[in-house]
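J.: Return atomic coordinates for the entry below.
(2 chains)
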Number of protein chains: 2
Amino acid sequence: MMRTHYCGSLTESQIDQTVTLCGWVHRRRDHGGVIFLDMRDRDGLVQVVIDPDTPEAFALADKSRSEFVLKITGRVRRRYAGTENANMVSGQIEVLGKEIEILATSETPPFPLNDEFVNVGEEIRLKYRFLDMRRPEMLQRMRFRSQVTSKIRTYLDKHGFLDVETPVLTRATPEGARDYLVPSRTQPGSFFALPQSPQLFKQLLMVSGFDRYYQIAKCFRDEDLRADRQPEFTQIDIETSFMSDEDIMNVTEGMAVELFDELMGIKFGPFPRMTYAEAMRRYASDKPDLRIPLELVDVADLLKDVDFKVFAGPANDPKGRVAALRVPKGNELSRGKIDEYTKFVGIYGARGLAYIKVNDTSKINNGVDGKESGLQSPIIKNISDAALQEIITRTGAQNGDLIFFGADKAKVVNDALGALRVRLGHDLNLLTCEWAPLWVVDFPMFEETDDGKWTSVHHPFTMPHGSVEDLKANPGSATSVAYDMVLNGTEIGGGSLRIYNLDMQKAVFEALGIGEEEAQEKFSFLLDALKYGAPPHGGLAFGLDRLVMLMTGATSIRDVIAFPKTKSAECLMTQAPAPVEQKQLRELGIRLREKAAEQPQQS
Amino acid sequence: MMRTHYCGSLTESQIDQTVTLCGWVHRRRDHGGVIFLDMRDRDGLVQVVIDPDTPEAFALADKSRSEFVLKITGRVRRRYAGTENANMVSGQIEVLGKEIEILATSETPPFPLNDEFVNVGEEIRLKYRFLDMRRPEMLQRMRFRSQVTSKIRTYLDKHGFLDVETPVLTRATPEGARDYLVPSRTQPGSFFALPQSPQLFKQLLMVSGFDRYYQIAKCFRDEDLRADRQPEFTQIDIETSFMSDEDIMNVTEGMAVELFDELMGIKFGPFPRMTYAEAMRRYASDKPDLRIPLELVDVADLLKDVDFKVFAGPANDPKGRVAALRVPKGNELSRGKIDEYTKFVGIYGARGLAYIKVNDTSKINNGVDGKESGLQSPIIKNISDAALQEIITRTGAQNGDLIFFGADKAKVVNDALGALRVRLGHDLNLLTCEWAPLWVVDFPMFEETDDGKWTSVHHPFTMPHGSVEDLKANPGSATSVAYDMVLNGTEIGGGSLRIYNLDMQKAVFEALGIGEEEAQEKFSFLLDALKYGAPPHGGLAFGLDRLVMLMTGATSIRDVIAFPKTKSAECLMTQAPAPVEQKQLRELGIRLREKAAEQPQQS
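T.: All right, here's what the predicted structure looks like:
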């Protein structure tokens, strides 16, 4: 090996040893006739001093600039008293460099990689990703990601899971997002699809008797990208046979517990479990952030008869919701802040944000008839004293609190107040702990689309609670044996037991309006598999990118992916996608449509 | 968990315990009024006996058929003397079944999965892959593959390699095979390519300072498939910085040694190293099977002047080769066998297969002038006694041996005699050992194409021995710092040091006829990377599928891939590739060419 030690690993225990280092010049300073080089490698930094007593080395150090690659041999010595650097592992020592070899020179990088790196735009970072990843922060994240996958594999290996690869060139899968397509050359006119997940393959592995499967698998969705989405993303994909939902939650919860403990020293207790219905009722979210102590209460029953349409309408609508959210000490919120929150909930479709300031709970009345009211709000005059009293009781509001109201279609109220709850939690510094994991279980099986049809909340292979007859009788109220692992308001994993009975699978397809012919065409292999002894099975998938983002405190999944794409699905470094040669298209039996052909093409 | 034990794990230590098993009915027999079920799961088989004393269980056992999924609770007992089965781990015991639950029924499978499985066509196995993989042989292979990747990861983690994912949706890579393309929806007219390998990304990770990288990566090549190729295959991809070729060979050889030792108990000594030149000279192959003791010797110098054009032509051609292959005891080969071998070398372009039978080494002469010759061959009369003597000396032929000759363009001779050597080794049972690994090193940098241009033997980023000036002066004789790991005549891994100097990279592009503009267009990010301090680096990639195939003794890589494709790149199970909807093509800005559109399409 060229080196004897990594720069960042040197400590006092190497004092007086001769070491050879290989790395990059992180910073170079001339000071009092000697040259100081902070040398950087994967493990960190070390200070190298070169003095004129070694003229050859001195001359080479003198020529060296930021990001030159050097091989340096020298002796480790204790730093002079007062020059130690407590921020570096190697801060007690330095290397007196005696021999230097310049392995590679460097032009001045397009942005600085040392402490001078501030406010560098993401675009240039992505174009020069190979430089951006030199920054210790980025390298550390990627290294952490590698440790995460290693720990996960170790855990799953230990628990008898087999790592099995499933195809990337496959048939369109039914997750419902848009597929990336790959034209076939040997069957012109036909296309492979890149998998949105290995869902059906992992179910087939259970039918094969693999019993416990996992794969850290690339998945693909050709969707318009939101902030934390990528066209290709990575899933920790798990499937098991002969295990109950409880068993599956226990074994995967154990994985999360071990991961946080071993890599971050964080000890989780058992994860709370909460039904979807409870999560929506209390937190207006199926991924509640339990670090935030705020909770919703329903008040529709109190407001059915008020002479105020904003409340009375949704209160009398079976699909409506009227809910109250108590904000402790919210009385202090300024008019401007409340206006800001009103705008904020508008993003989620709410047409306003009613509120009551609670000044004095000994005077709860609507102020009508000249009574002095301890409540302050444009809306109270419409509400009876009794209803106001019950609202205060249900929310548990105290003097100085504020109560926000949401009243609309349930979806709007949940989206708006769910988001407001999280925002208030951060704005008002209400977080009660750093990490709050939980399981959300018993999701609805179906949700209604705008045109009155049923669509799967998870996917069509999710097992419902109850019998085939129950499902047929009342699909809208069916719940699934599904479970999401939620951490700090982010869904980090989700799964379910799967249907392993042909009649149930057919009933679900029927509820979804998937006719026999379509089912046969798309899923004949799955239907076949259910005919030949399919075991009870179920599983789960974690989103690795998001998990690592949470664990490292990164603000974007792009910061935990080595070579990510932009929101418009481009790689700025390689400039992919790119035009291709006509010959290639001919071989694939395709041509560009006119508009596409207007783009600059290769010959 | 539903089960207490795996079927295949039960032994005498569970005797008298009550156990619960879950698995498939592998075989069912009625015998003397009781029912015997061989129950199968991932770990193997166990015999379950159900007698009429438990009428409910008996009735359910009676209804059960092959491949039903059952949950059985019963007591483990010793088998009656004389009924033990030494071929099963659980062969000393059986389970007296008391409770049975039928978890799933099964129709009769399209082919038997137990001992009755013989000569089942691969097509039906691939269509019903989920059943085929139930067969213990297949499941065992897939499980072994999982162990291989687990061991490899453990080894590489231990040696400081970071597991980093590189993109699947990327830009065309320069491996030279045909790319799979993915049309971009957000940039109609542009395409992603699926990576033929992560080559450039792993080099960029070295430029980023990752120092040691690995990935078990899917790679893609849209080529017409030969027996042991798949459109998507898996590579153990490795790259390191600041390491010499020796260092890299040592660390990866260590991985292979550990793998074979820990999984198969096979102890390898240090791998021999052989230059490409020597391998071609002695074995006519760059991946010699060293289990076979046969070696070639060159004899062109002896045959330059013979009055026999078949020999004299190639002997005087700088691109020709004339070589002899001694076959010990080959004298016994029948005329018919020799004809068969003559046909065999014809596959490789050889226009004949000259030979000499060595009957008596005390009479080496060409038989001309009435001399009695100890040699027997249609060709000896053209060769001088002295040359014959030297041929016998060089080959070391003994009485009873046979010498085959190849004389043609060097490539034809090498292909033909290289293949013949391997075939003879197997036909004549000459293998000297079970496993013979080695390194082949110092490959030529370039080879000439038919139109007289240079093409890379490895890829354009491979480092040559020598200086930029050496390369420019004589590209044809440049050798690369490249190394292949060969096992039993199969290349299982290959790699090289990479160019990290911009001038050298430009010189190689120039030698390959890649102009500056093309280089800039295709590889600008690599050329950029070489400007900003690229470390010395190099790596290697192993073919995982082939490695597992060798280790498990499978005869096709399809047998070690869970869901492989056929030679025409189809998945018979999911029927991928498949037609797609017009709407999808419109979104991608492409349409089918007329011929392709004639295929049956979806609406």
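J.: and A:Leu194, what does it touch?
T.: Neighbour list for A:Leu194: A:Val168, A:Leu169, A:Thr170, A:Asp179, A:Tyr180, A:Leu181, A:Val182, A:Phe220, B:Val168, B:Val182 [criterion: C-beta atoms under 8 Å, 6 or more residues apart in numbering or on different chains]. In short, each C-beta sits where N, CA and C put it, glycine included.
J.: buried sites along stretch A:579-596?
T.: Within stretch A:579-596, the residues that count as buried by 16 or more other C-beta atoms under 10 Å in any protein chain shown are A:Pro579, A:Val580, A:Gln584, A:Leu585, A:Leu588, A:Gly589, A:Ile590, A:Arg591, A:Leu592, A:Arg593, A:Ala596.
J.: where does the last one fall, helix, sheet strand or coil?
T.: Which is A:Ala596. Under DSSP: H, G, I helix; E, B strand; the rest coil, A:Ala596 falls in the helix class.
J.: mind listing what it touches?
T.: So, once contact is read as C-beta under 8 Å, 6+ apart, A:Ala596 ends up touching B:Pro188, B:Gly189, B:Gly589, B:Ile590.
J.: mind running it again at 6 Å?
T.: Taking C-beta atoms under 6 Å, 6 or more residues apart in numbering or on different chains as the criterion, A:Ala596 is in contact with B:Pro188, B:Gly189, B:Gly589.
J.: again, but for the fourth one
T.: For A:Leu585, the contact set (C-beta under 6 Å, 6+ apart) comprises A:Arg591.
J.: Return the backbone torsion pair for the residue in the stretch 351-500 of chain A that chain B sits nearest to.
T.: Going by C-beta to the nearest C-beta, chain B is nearest to A:Tyr500 of the stretch 351-500 of chain A, at 6.2 Å. The phi/psi pair for A:Tyr500 (degrees, to the nearest 10) reads phi -120, psi 10.
J.: and it, how many neighbours does it have?
T.: Under the neighbour criterion other C-beta atoms under 10 Å in any protein chain shown, A:Tyr500 is assigned a count of 24.
J.: if we can go back for a sec, so which of the contacts of A:Ala596 are also by chain A?
T.: With C-beta under 6 Å from any C-beta of the partner chain as the criterion, the contacts of A:Ala596 include B:Pro188, B:Gly189, B:Gly589 near chain A.
J.: Identify the bridge partners of the residue nearest to A:Asp51 when sequence neighbours are not counted.
T.: Of all residues not flanking A:Asp51 in the chain, A:Val34 sits nearest, at 4.4 Å (C-beta to C-beta, 6 or more residues apart in numbering or on different chains). Counting by DSSP bridges, A:Val34 forms beta bridges with A:His31.
J.: Against A:Leu21, how distant is A:Val34?
T.: For A:Val34, the distance to A:Leu21 equals 18 Å [C-beta to C-beta, to the nearest Å].
J.: name the element A:Ile391 belongs to?
T.: Assessed by DSSP states H and E, A:Ile391 sits inside helix A:385-395.
J.: Counting neighbours, show which residues of the helix or strand following that helix come out buried.
T.: The helix or strand immediately downstream of helix A:385-395 is strand A:402-409, counting by DSSP H and E. By 16+ other C-beta under 10 Å, the buried positions in strand A:402-409 come out as A:Leu402, A:Ile403, A:Phe404, A:Phe405, A:Gly406, A:Ala407, A:Asp408.
J.: and whichever helix or strand comes after strand A:402-409, how far from the chain's centre?
T.: Once strand A:402-409 ends, the next helix or strand along the chain (criterion: DSSP H and E) is helix A:410-427. Put simply, helix A:410-427 sits 19 Å off its chain's centre (C-alpha atoms, centre = their mean, to the nearest Å).
J.: Run through who's touching whichever helix or strand comes after helix A:410-427.
T.: Where DSSP H and E defines the elements, the next helix or strand beyond helix A:410-427 is strand A:437-441. Here strand A:437-441 makes contact (C-beta under 6 Å, 6+ apart) with A:249, A:268, A:271-276, A:279, A:286, A:290, A:483-484, A:486-487.
J.: Just the buried ones out of those residues, please.
T.: Here, 16+ other C-beta under 10 Å leaves A:Met249, A:Phe268, A:Phe271, A:Met274, A:Tyr276, A:Ala279, A:Asp286, A:Leu290, A:Tyr483, A:Asp484, A:Val486, A:Leu487 buried among the contacts of strand A:437-441.
J.: Tell me the buried residues in stretch A:45-60?
T.: A:Leu45, A:Val46, A:Gln47, A:Val48, A:Val49, A:Ile50, A:Asp51, A:Thr54, A:Ala57, A:Phe58, A:Leu60.
J.: want to throw the residues you listed into CSV with secondary structure and pLDDT?
T.: Output for the buried residues of stretch A:45-60, formatted as CSV (DSSP: H, G, I helix; E, B strand; the rest coil; pLDDT from 0 to 100):
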residue, secondary structure, pLDDT
A:Leu45, strand, 96
A:Val46, strand, 97
A:Gln47, strand, 97
A:Val48, strand, 98
A:Val49, strand, 97
A:Ile50, strand, 97
A:Asp51, coil, 95
A:Thr54, coil, 96
A:Ala57, helix, 97
A:Phe58, helix, 97
A:Leu60, helix, 97
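J.: how deep is A:Asp427 tucked in, by neighbour count?
T.: Counted by other C-beta under 10 Å, the residues lying close to A:Asp427 total 14.
J.: cool, the one 3 residues further on as well?
T.: For A:Leu430, the number of neighbouring residues by other C-beta under 10 Å comes to 16.
J.: Then A:Lys567?
T.: Around A:Lys567 there are 13 residues (other C-beta under 10 Å).
J.: Equivalent analysis for A:Asp211, please.
T.: A:Asp211 has 26 neighbouring residues, counting by other C-beta under 10 Å.
J.: What strand or helix carries A:Val310?
T.: helix A:309-316.
J.: Next, please give the residue ranges for the helices of the stretch 151-300 of chain A.
T.: A:199-207, A:245-264, A:276-283 (DSSP state H, counting those that start in this stretch).
J.: TSV for these, including distance to chain B and mean pLDDT?
T.: Below are the helices of the stretch 151-300 of chain A laid out as TSV (distance: least, C-beta to the nearest C-beta, whole Å; pLDDT from 0 to 100):
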stretch	distance to chain B	mean pLDDT
helix A:199-207	4	97
helix A:245-264	6	98
helix A:276-283	26	98
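J.: Generate TSV for those helices, with distance to A:Ala350 as supplementary columns.
T.: Output for those, formatted as TSV (distance: least, C-beta to C-beta, whole Å):
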stretch	distance to A:Ala350
helix A:199-207	35
helix A:245-264	34
helix A:276-283	16
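J.: of those, which approaches B:Lys343 most closely?
T.: Nearest to B:Lys343, of all the helices of the stretch 151-300 of chain A, is helix A:199-207, at 43.6 Å by C-beta to C-beta.
J.: chain center to that closest one: distance?
T.: Worked out by C-alpha atoms, centre = their mean, helix A:199-207 lies 25 Å from the chain centre.
J.: In that helix, which residues are buried?
T.: Neighbour-count burial for helix A:199-207 [16+ other C-beta under 10 Å]: A:Gln199, A:Leu200, A:Phe201, A:Lys202, A:Gln203, A:Leu204, A:Leu205, A:Met206, A:Val207.
J.: so who does A:Ile100 touch?
T.: A:Ile100 touches A:Ala57, A:Leu60, A:Ala61, A:Leu70, A:Ile72, counting by C-beta under 6 Å, 6+ apart.
J.: before we move on, the earlier item: how about the contacts of strand A:437-441, which pair is most distant?
T.: A:Phe268 and A:Tyr276, at 21.8 Å, using C-beta to C-beta across these.
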